[in-house]
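Asks: Pasting the sequence and the predicted model now:
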Amino acid sequence: MTALANVSTTSAGCWIDGHWGRFGSARLLSIATSHGWVPEPADDEVVGRLIAELDGVEADEDDWESLSEQGGLADQAEVWLNAYAAPEGYLFGWHDGEFFLWPEHVWHADDPGVCDCTREQRDLAWRFL
Ligand SMILES: [Zn+2]
């Protein structure tokens, strides 16, 4: 579980770009497991099938549903990455169909009242594209 401790701030930027399309969230599972995320035992096989989809092995619609539903596997992987992998002061998240690691205040750009960060801190996204 500690393999992920070495994600550093120099890894900030785009982790999953838009060309992944609907496979982007399956890619997220692959990234999370390669960094040490262990799905609930009941989800183990589904996660395996969805990751195999990246190699062209077709998963079924139920699998895709459990991936993308609210609180589903993609959300769980993201929460785990933020809890155990993101460097201090940085967060992973989706923006316009792509998955980024950004300084946490960049995520406040659309919600400036959420903390007392400055506009300058919120406007740094371009540095990580
Ligand atoms: Zn902020």
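Replies: Okay, I see it. Residues are numbered from 1 along each chain as shown.

Asks: Looking at the chain, which residue is nearest the ion?
Replies: Going by Cβ to the ion, the ion is nearest to residue 117 of the chain, at 3.0 Å. (Each C-beta comes from the backbone N, C-alpha and C, glycine too.)

Asks: and this structure, which residues reach the ion?
Replies: Contact residues, the chain versus the ion (Cβ under 5 Å from the ion): 105, 108, 115, 117.

Asks: Quick check, the last one in contact with residue 105.
Replies: What that stands for is residue 117. Yes: Residue 117 lies in contact with residue 105 (Cβ atoms under 8 Å); the separation is 4.0 Å.

Asks: Of those two, give the one with the bigger neighbour count.
Replies: residue 105 (23 against 16; other Cβ atoms under 10 Å).

Asks: count of residues packed around residue 59?
Replies: 18.

Asks: next helix or strand past the host helix or strand of residue 102?
Replies: If you go by DSSP states H and E, residue 102 is part of strand 98-103. Next in sequence after strand 98-103, counting helices and strands by DSSP H and E, comes helix 119-122.

Asks: so what does that next one touch, helix or strand wise?
Replies: The criterion is 3 or more Cβ pairs under 8 Å, 6 or more residues apart in numbering; DSSP states H and E, and there are no helices or strands that helix 119-122 contacts.
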